[in-house]
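Asks: Here is a sequence together with a model predicted from it:
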Amino acid sequence: MASYQDALLQKMVAATLSRDDVVLAFSASGNVPEMLANCDIAREYGAKLVAVTALGSPLAARADVLLPVRTIETDFIFKPSASRYAMLLVLDVLATQCALLQQDESKERLRRLKYVLDAHRSPGGERGQDSGAGPDGRQPLGD
């Protein structure tokens, strides 16, 4: 799994995909020309497209699976973007569901991740309050 924000890099990666691959595309408007073109390339090579976007948008029309997100933005520029939070929520739910569908593999990967993070945070194996750990000596996974 990888994430690409740069349109040219998206295009290059899209050209390497196959029917064994899935593209997860996020767009509040669903009408970004570069993204649409890159999704078309990926689909041309057989990749499935899961789109998190506005219902009825050009991206939604291309999707094999549509996860519609409708957000109402305001002109108040200092307010965090509602669409960004909506998309982060969708991503978290998808990641959780994928992990639940592959529990044995997910547990092992998370165990390894936790192990290397704990070792990195605690050189020499020291754990405790000074290291930012909780009362049980455990530290957060996503620190």
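Replies: Received it, and whenever you're ready, just let me know what you need. Numbering: from 1, shown residues only.

Asks: Tell me if I'm right that Leu24 and Val50 touch.
Replies: Yes: the pair formed by Leu24 and Val50 meets the contact definition of CB atoms under 8 Å, at 4.9 Å. (Each C-beta comes from the backbone N, C-alpha and C, glycine too.)

Asks: The helix or strand of the chain with the lowest mean pLDDT packs against which elements?
Replies: None of the helices or strands of the chain scores lower by mean pLDDT, DSSP states H and E than helix 103-121, at a mean of 87. Applying 3 or more CB pairs under 8 Å, 6 or more residues apart in numbering; DSSP states H and E, one finds that helix 103-121 makes contact with helix 82-101.

Asks: So which bits of the helix it packs on are buried?
Replies: If you call a residue buried by 16 or more other CB atoms under 10 Å, then helix 82-101 has these buried ones: 83, 86-87, 90.

Asks: Using PDB, list the CA coordinates for it.
Replies: Coordinates of each C-alpha in helix 82-101 appear next as PDB, following Å, rounded to 0.1, in the frame of the first residue of the first chain:
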ATOM      1  CA  ALA A  82     -15.200  19.400   6.800                       C
ATOM      2  CA  SER A  83     -14.500  17.300   3.700                       C
ATOM      3  CA  ARG A  84     -11.000  16.600   5.000                       C
ATOM      4  CA  TYR A  85     -12.400  15.200   8.300                       C
ATOM      5  CA  ALA A  86     -15.100  13.200   6.500                       C
ATOM      6  CA  MET A  87     -12.400  11.600   4.300                       C
ATOM      7  CA  LEU A  88     -10.200  10.900   7.200                       C
ATOM      8  CA  LEU A  89     -13.100   9.100   8.900                       C
ATOM      9  CA  VAL A  90     -13.800   7.000   5.800                       C
ATOM     10  CA  LEU A  91     -10.100   6.100   5.600                       C
ATOM     11  CA  ASP A  92     -10.000   5.100   9.300                       C
ATOM     12  CA  VAL A  93     -13.200   3.000   8.900                       C
ATOM     13  CA  LEU A  94     -11.700   1.300   5.800                       C
ATOM     14  CA  ALA A  95      -8.400   0.600   7.500                       C
ATOM     15  CA  THR A  96     -10.200  -0.900  10.500                       C
ATOM     16  CA  GLN A  97     -12.400  -3.100   8.300                       C
ATOM     17  CA  CYS A  98      -9.400  -4.300   6.300                       C
ATOM     18  CA  ALA A  99      -7.600  -5.200   9.500                       C
ATOM     19  CA  LEU A 100     -10.600  -7.000  10.900                       C
ATOM     20  CA  LEU A 101     -11.000  -9.000   7.700                       C
END
